[in-house]
Structure formats: structure tokens, C-alpha cells
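Colleague: dropping a prediction and its sequence here:
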Amino acid sequence: MLTGGGGHICGELARGLSRAGASVWVLDVRLEKADAVAATIRDAGGEALALAMDVSERSDWDEALATITARSGRIDILVNGAGINAPTPPLDVAIEDWRRIFAVNVEGTFLGCQVVGAHMLAHGGGSIINISSASADPPLSKAFAYSASKAGVRNLTQNLAREWATRGVRVNALRPGFFPTAWSREHFITEARERAILGHTPMARYGAPTELVGCVIWLASDAASFVTGAEIAVDGGFSAMTI
């Protein structure tokens, strides 16, 4: 199951997991987006269903767990991909925006880990993959609240990995570099910023969502059976760059 599954990155992750043989549940607050992704999976011969949910609501998680387990049985993989951003500078961030970003990015990830993690622990295994960010450490300019929230996701991932390491549930994080969406191109990436981003990326280009799929399949599979608490960067070398 994937949250934010109707989005630019997680939609592709859903299709990739399906191609690897997974039965996929696509969860998104925008049901029409989730439905569209699930339809592309079914059209390609895979198994996928869509479900509307707000990751910041515990009741939505409980209902999703009940619905999915009643229909599909055990959940083996959770990708916590729902996330929101805002380009507001620190002195201008409204507390409502700050709280909403943390509610989705941090609390939503925690609730997924808590609810689905309990299910996985009861069944003796599972893989949770949280979505971190190149902005988690060090923080990225123009992404003040988002950067702080993704640092929280990174810490949460390590905490839960330590707690559950002997109980069969692995918790890791995917750390994407720059995979621009239409929203980020409109609100976040100016021409000058694009030059800065690509100049700091050794591969000198943006990533394509398909380039994240292999890492997620690996983290979800037994090939990564000794991997927990890790944050795996897929960023074209961005995190290795200084001057």
C-alpha cells in the first residue's frame, strides 16, 4: 500500500511495485488521482485498487487497514509517500501552514507506521519505506517547513527501525533528489534556482520517477533483509557534492 499514490513520484512507485508482482493499494486524499493510477496498473495487467484517505487522520488509517486486510489479507509493504510543501520564507509562514505540513509529512508518516506497523508486527514481518528528502539534512532554502518536517521523517525512521529490528519489521527511508512536479516548477524552481540545483548535482540533470523504482523494490524485498534504519539517496550525486 502506498499513500500519496496518486502523485508524481508515488504513482510511478505504485506502477513499479505492480510490475514486480505486488498487489497494490493506491491511497490518496484525492480519490480521482488514486483511481487514475490504479486504472493504469489494471490496464497493464496488474492488480490495484484505490482508496481515499487523509493520512493525518487516525480514523482514516484504521478504516484503510480494515478495508485492505478484509479484501487482500496481510500487508507486507507500506510506502509512506504523502507529502505537501510550501515555498514560504520563515518570517512569513502562517502557523496553520506549518501545522498542516507537519500533520501530513510527519504525523501522517507516524500514523502509517503506528497502524500498519502494528499489523506487520502481529504477522511477524514487513517493510516500511518512508519518503525523506534531499532537504532533510542539510535544510534546503525556500523549503523551510518542509525541510524541518523531512528531518523529522528521517529521525522517525531511525527510531522505529531500532525499536522493531528484532521483530521482523524493517523501516527505511528513500531520499530522493530533485524530481520536479508541475507544482514545484511553478512555485519553487526559478531559472536561477534550476541552475543552482543542476550545478550542485554531479549528473547535471533532474531525476525521473522511474529511477526511484528499483530502490523501492529492493527495500521492499528480502534482498534488503539486513537493511533497516537506512536512508537511501537517489539523487544523481546531490548529497555527495560540495564544491
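Modeller: Arrived safely, thanks for sending. Residues are numbered from 1 along each chain as shown.

Colleague: pLDDT averaged over the longest strand along the chain - what is it?
Modeller: Determined from DSSP state E, the single longest strand within the chain is strand 169-176. Confidence for strand 169-176, expressed as mean pLDDT, is 98.

Colleague: wouldn't Gly11 be in contact with Gly5 here?
Modeller: Yes - taking C-beta atoms under 8 Å as the definition, Gly11 is a contact partner of Gly5 at 6.2 Å. Just so you know, the C-beta spots here come from the backbone N, C-alpha and C atoms, and that holds for glycine as well.

Colleague: now do the shared contacts for those two.
Modeller: 26, 37 (C-beta atoms under 8 Å, 6 or more residues apart in numbering).

Colleague: between these two, which one's more packed in?
Modeller: Shown here are Gly11 and Gly5; by other C-beta atoms under 10 Å, Gly5 has more neighbours (31 against 24).

Colleague: and the more buried one, which of the three is it?
Modeller: coil (DSSP: H, G, I helix; E, B strand; the rest coil).

Colleague: what helix or strand is the residue nearest to it when sequence neighbours are not counted located in?
Modeller: Distances taken as C-beta to C-beta, 6 or more residues apart in numbering place Val26 nearest to Gly5, at 3.6 Å, with adjacent residues excluded. Using DSSP states H and E, Val26 maps to strand 24-28.

Colleague: that strand pairs with which strands, parallel or anti?
Modeller: Counting by DSSP bridges, the strands paired with strand 24-28 are strand 2-3 (parallel), strand 48-52 (parallel).

Colleague: send me it as PDB with only the CA atoms.
Modeller: What follows is strand 24-28, C-alpha atoms only, in PDB (Å, rounded to 0.1, in the frame of the first residue of the first chain):
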ATOM      1  CA  VAL A  24      -1.200  -2.600  -4.900                       C
ATOM      2  CA  TRP A  25      -3.500  -0.400  -2.900                       C
ATOM      3  CA  VAL A  26      -3.200   3.200  -4.100                       C
ATOM      4  CA  LEU A  27      -4.200   5.700  -1.300                       C
ATOM      5  CA  ASP A  28      -4.600   9.400  -1.800                       C
END
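
Colleague: go through the helix or strand following that strand and flag the buried ones.
Modeller: With elements assigned by DSSP H and E, the helix or strand that comes after strand 24-28 is helix 31-43. Neighbour counts over helix 31-43 (16 or more other C-beta atoms under 10 Å) mark 33-35, 37-38, 40-41 as buried.
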